[in-house]
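> give me a 3D structure for the following:
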Amino acid sequence: MRRIQLLVAIIVLPVLSFAQGPASKVLPVKIDLGIKVGANFANLDGKQWESGYKPGFVGGIFGGVSGKRFGVTAELLFSQVKYTGNGLDFYYRNGTAAASGYNNPADSSKKGDFAVSYLNIPILLNVKIVGPLWFQVGPQYSGVLSINDKSNLLKDTKGLLKSGDIAGVLGLQLNLPMGLRASARYIVGLGDMNASSVSDSWKTRTIQLGVGYSFL
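From the prediction side, this is the model:
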């Protein structure tokens, strides 16, 4: 958690001071500082999970600077996604039989829903394509805040997923009049989120749609 707080301070405080200071009035760049909300459609790729992109929520703040052709954007986002186990056992406790990790051993082959809350911190390079349309690319850190076992299958979800992941982001953004923003992104997790001892790789895939408003 301390690492997440440090990352937040590193990203947000310089943007705020730059946007409020005299430099923003003389440099040939545009300052962005605003809020955004949207939807995640997430998939956890692995044999133990159902395929398909399931809806969730995303929202937070963004800040950045841009010139005529290039810019940089940093965001601090809270997001929720849903992953559904496909009925295969989770051997998630140091090789212990899966049934021992369930509230009811008979549930070890049942499907179940897990709502995962993340703190997402993307840092993106913006490249203008034409008119208000910009291409975005860059890394994103995603820290797991909580895992809600909505089906009440497991005794403990702490050993299910790793605490964080680095992803690659590709997207498009429209910088519309009156400070409005609209974006679409494809986010590919680069690491294995499997914290269990099952011999499988679990990687995240997310389609994200968002709208925002810049105050500056």
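
> tell me how far stretch 154-162 is from the chain's mean position?
In terms of C-alpha atoms, centre = their mean, to the nearest Å, the centre of stretch 154-162 is found 19 Å from the chain centre.

> any idea how far apart the tips of that stretch sit?
16 Å (C-alpha to C-alpha, to the nearest Å).

> just stretch 156-167 next, same as before
Taking C-alpha to C-alpha, stretch 156-167 runs 26 Å from one end to the other.

> can you list contacts of it?
90, 92-93, 101, 114, 116, 139-144, 147, 149, 154, 187-196, 202, 204, 206 (C-beta atoms under 8 Å, 6 or more residues apart in numbering). Just so you know, the C-beta spots here come from the backbone N, C-alpha and C atoms, and that holds for glycine as well.

> and the longest strand seen in the chain, what's buried?
Criterion DSSP state E: the longest strand present in the chain is strand 112-130. For strand 112-130, a neighbour-count test (16 or more other C-beta atoms under 10 Å) marks 112, 114, 116-124, 126, 128 as buried.

> the lowest-mean-pLDDT helix or strand in the chain: what's the following helix or strand?
Between all helices and strands in the chain, the lowest mean by mean pLDDT, DSSP states H and E belongs to helix 23-26, at a mean of 48. Toward the C-terminus, helix 23-26 is succeeded by strand 30-45 as the next helix or strand (DSSP states H and E).

> out of the contacts of stretch 156-167, which are buried?
Buried, going by 16+ other C-beta under 10 Å: 90, 92-93, 101, 114, 116, 140-144, 147, 149, 154, 187, 189, 193-196, 202, 204, 206, out of these.

> which stretches of this structure have low pLDDT?
1-27, 88-110, 197 (pLDDT under 70).

> would you point out which residue is most central in this structure?
Here the mean C-alpha position of the chain is nearest to the C-alpha of N120 (C-alpha atoms, centre = their mean), at a distance of 4.2 Å.

> bridging residues for that one?
With DSSP bridges as the criterion, N120 is bridged to L77, S142.
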